[in-house]
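Student: Let's see this in three dimensions:
(chains A and B)
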There are 2 protein chains.
Amino acid sequence: MSPSRDAIRATVENYVKSVASGTVDDVLALYAPGATVEDPVGTPVRATEAEIREFYGVVEPLAQTGEVITLKIAENNAAFVFRLVTHLGEQDLIMEVVDVMTFDDDARITSMRAFWSQEDMQTVPAS
Amino acid sequence: MSPSRDAIRATVENYVKSVASGTVDDVLALYAPGATVEDPVGTPVRATEAEIREFYGVVEPLAQTGEVITLKIAENNAAFVFRLVTHLGEQDLIMEVVDVMTFDDDARITSMRAFWSQEDMQTVPAS
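Tutor: Predicted coordinates:
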């Protein structure tokens, strides 16, 4: 059975919130066992929990705020635009990304692919 | 060699314009031979030119305007949000979709997957 739209929406909102201001464990709890991460798309796929844990470990200490801008759901798939602002003292690094995810029956993430490049990051004076 | 970002951007802009107000041939010219179309994601993949031609033939006669809202490029992949407004007399049908595409070296589309559901369509009085 496909997960409900509300369950997928909750996982996506939780994901962006956890990436921005949660712990690596918060993020990992949203993933199903055996999940894969390709971020950005075109780079090697991370396919073990250790690799995925290492990946999110890099952003855990950063002071960030996150926001889901647009979310489209098709069966057990979602594509969404989100904005992540990293607060670096007097500057903010703003990053806007499209993530594509698949989900298992419990709305846990089974795969994540992130579409972005350097062009999608900009630095502005802290607001 | 990967296509340039500008070439991918041009194909995406052209695609949305052609879907909105071009002919089926305009749209098909943007696809590479052997391309696949999954629209919406979760439905059977169209894998022959005849199937893809039939698919776009349905929208060809409609009076539409289209706009790319957000475009993210990662190597020879793109994900973008676009809005398609279908003018139905006194009403407009507004549809917002996330498309994911892959491209060949000439920035022709090799696959398209569209993320949307009924929830992403709304009818409003014509503006």
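
Student: Which positions within the single longest helix found in chain A qualify as buried?
Tutor: Ranked by residue count, the top helix of chain A under DSSP state H comes out as helix A:5-21. Neighbour-count burial for helix A:5-21, counted by 16 or more other C-beta atoms under 10 Å in any protein chain shown, picks out A:7-9, A:11-20. Heads up, the C-betas are built off the backbone N, CA and C, glycines and all.

Student: Residue numbers of chain A in contact with chain B?
Tutor: For chain A, the contact set with chain B under C-beta under 8 Å from any C-beta of the partner chain comprises A:5, A:40-42, A:69-70, A:72-81, A:96-98, A:100, A:114-117, A:119-120.

Student: one more time with 10 Å, if that's ok
Tutor: Within chain A, the residues that sit near chain B (C-beta under 10 Å from any C-beta of the partner chain) are A:2, A:5, A:38-43, A:69-81, A:96-100, A:102, A:113-117, A:119-120.

Student: Quick check: of the buried residues of helix A:5-21, which lies closest to residue B:85?
Tutor: Nearest to residue B:85 among those is residue A:9, at 24.9 Å by C-beta to C-beta.

Student: The closest one and residue A:107 touch, don't they?
Tutor: Yes. The criterion here is C-beta atoms under 10 Å, and residue A:9 meets it with residue A:107 at 8.9 Å.

Student: Could you pull up the contacting residues of residue A:8?
Tutor: Residue A:8 is in contact with A:2, A:71, A:73-78, A:80, A:101-103, A:107, A:109, counting by C-beta atoms under 10 Å, 6 or more residues apart in numbering or on different chains.

Student: so who does the most far-flung residue of chain A relative to its centre touch?
Tutor: Within chain A, the residue lying farthest from the chain centre (C-alpha atoms, centre = their mean) is residue A:90, at 25.0 Å. By C-beta under 10 Å, 6+ apart, residue A:90 lies in contact with A:125, A:126.

Student: what's the spacing between it and residue A:96?
Tutor: 21 Å (C-beta to C-beta, to the nearest Å).

Student: packing partners for the helix or strand containing residue A:114?
Tutor: Secondary structure assignment for residue A:114, by DSSP states H and E: strand A:109-115. Contact analysis of strand A:109-115 by 3 or more C-beta pairs under 10 Å, 6 or more residues apart in numbering or on different chains; DSSP states H and E lists helix A:5-21, strand A:31-38, strand A:77-88, strand A:91-103, strand B:64-74, strand B:77-88, strand B:91-103 as its packing neighbours.
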